[in-house]
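Asks: With the input below, show me the fold.
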Amino acid sequence: MELQKKDFIEIEFTGKVDNNVFDSNIKEDLKILNPQANPKPLIFCLGEGMFLKGIDDFLIGKEAGRYHVELTPDKAFGPRIPEFVQKIPIKVFQGQNVNPVPGAVFNLDGRIAKIITVSGGRVIADFNNPLAGKNVSYDINVLRKVDDINEKIKAMMLFLFRKEFNFSVDDKKITVEVSKEMSKFVEMFGEKFKEIFGLEVEVKEIAGNSPKTEQ
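Replies: All right, here's what the predicted structure looks like:
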């Protein structure tokens with residue numbers, strides 16, 4: 001059966017740049033990046049921004065199976081943007097008790113930056129994605145189309161919230177159990193769940209909920 005937009009699929013994949021692995025959920029390839037890492041299944045919804053758009057576009061209309069995909073920067077991580085290389089006063093780092101050194105990577109106000117140089121009171125930081133401007137390739141094995149509604153909802157929650165929540169599903173709604181602190185955040189994505197699943201989201205606040213955060 002041909003894959004369509006909004007289908008949930010499970011894949012194994014390895015991404016490479018200049019023939020070097022930069023991402024994978026296959027044990028043999030992942031250990032190149034981190035010998036201690038444990039590969040995790042990847043389930044995502046086609047055409048909903050849960051994976052690279054270039055991969056989405058390639059897989060829509062295909063069958064389950066193995067594929068090799070070559071992506072130019074515009075289909076992958078975008079072009080390098082010179083304006084994303086910025087000078088930052090060193091006091092910004094000092095105010096957070098951080099010592100910037102060339103090559104280090106920091107999260108600055110939600111944006112990932114790599115330190116290029118440190119000179120006097122100025123730091124030059126690059127906010128471009130490390131893979132921006134590069135051609136990349138993916139080896140992908142589409143294992144299956146996911147039909148179970150619970151698997152789909154779990155995958156969507158992990159993508160949006162990086163957490164697992166207890167939930168239940170009936171013909172009309174998805175009931176999600178969350179702490180008070182998370183309730184408004186989950187409610188913000190109610191329309192997205194309705195668009196994907198055709199179900200309303202009902203948030204049930206519970207005490208002492210400590211969902212497991214994905215690493």
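
Asks: how would you label the residue nearest to Leu131 when sequence neighbours are not counted: helix, strand or coil?
Replies: Leaving out its chain neighbours, the residue that sits closest to Leu131 by Cβ to Cβ, 6 or more residues apart in numbering is Phe77, at 4.1 Å. Quick note: C-beta positions are derived from backbone N, CA and C, even for glycine. With DSSP: H, G, I helix; E, B strand; the rest coil as the basis, the three-state label of Phe77 is coil.

Asks: Can you verify my assumption that Phe77 contacts Val136?
Replies: Yes - Phe77 lies in contact with Val136 (Cβ atoms under 8 Å); the separation is 7.1 Å.

Asks: Gly78: what's its closest spatial neighbour, skipping adjacent residues?
Replies: Ala132 (5.3 Å).

Asks: Tell me how far that neighbour lies from Asp57.
Replies: Per Cβ to Cβ, to the nearest Å, Ala132 is found 19 Å from Asp57.

Asks: got it, and Val176?
Replies: 31 Å.

Asks: which of the two has more neighbours?
Replies: Val176 (24 against 15; other Cβ atoms under 10 Å).

Asks: count of residues packed around the closest residue in space to the more buried one that isn't next to it in sequence?
Replies: Among residues not flanking Val176 along the chain, Phe167 sits closest, at 4.6 Å (Cβ to Cβ, 6+ apart). Phe167: 19 surrounding residues under other Cβ under 10 Å.

Asks: Could you do the one 4 residues further on as well?
Replies: Taking other Cβ under 10 Å as the neighbour definition, Asp171 ends up with a count of 5.

Asks: Give me the secondary structure label for it.
Replies: coil.

Asks: OK, contacts around Lys152?
Replies: Phe8, Ile43, Cys45, Val146, Ile196, Phe197 (Cβ atoms under 8 Å, 6 or more residues apart in numbering).

Asks: And the fifth one, its phi and psi?
Replies: What that stands for is Ile196. phi -80, psi -40 (degrees, to the nearest 10).

Asks: ok, it to Phe22 distance?
Replies: Relative to Phe22, and taking Cβ to Cβ, Ile196 is found at 29 Å.

Asks: can you map out the helices along the chain?
Replies: Counting by DSSP state H, one finds helices in the chain at the ranges 27-33, 53-59, 90-94, 149-161, 180-187, 190-197.

Asks: okay, these in a markdown table with mean pLDDT and distance to Phe13 next?
Replies: A markdown table is the format used below for the helices of the chain (pLDDT from 0 to 100; distance: least, Cβ to Cβ, whole Å):
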| stretch | mean pLDDT | distance to Phe13 |
| --- | --- | --- |
| helix 27-33 | 94 | 9 |
| helix 53-59 | 96 | 8 |
| helix 90-94 | 88 | 35 |
| helix 149-161 | 96 | 15 |
| helix 180-187 | 93 | 28 |
| helix 190-197 | 95 | 22 |
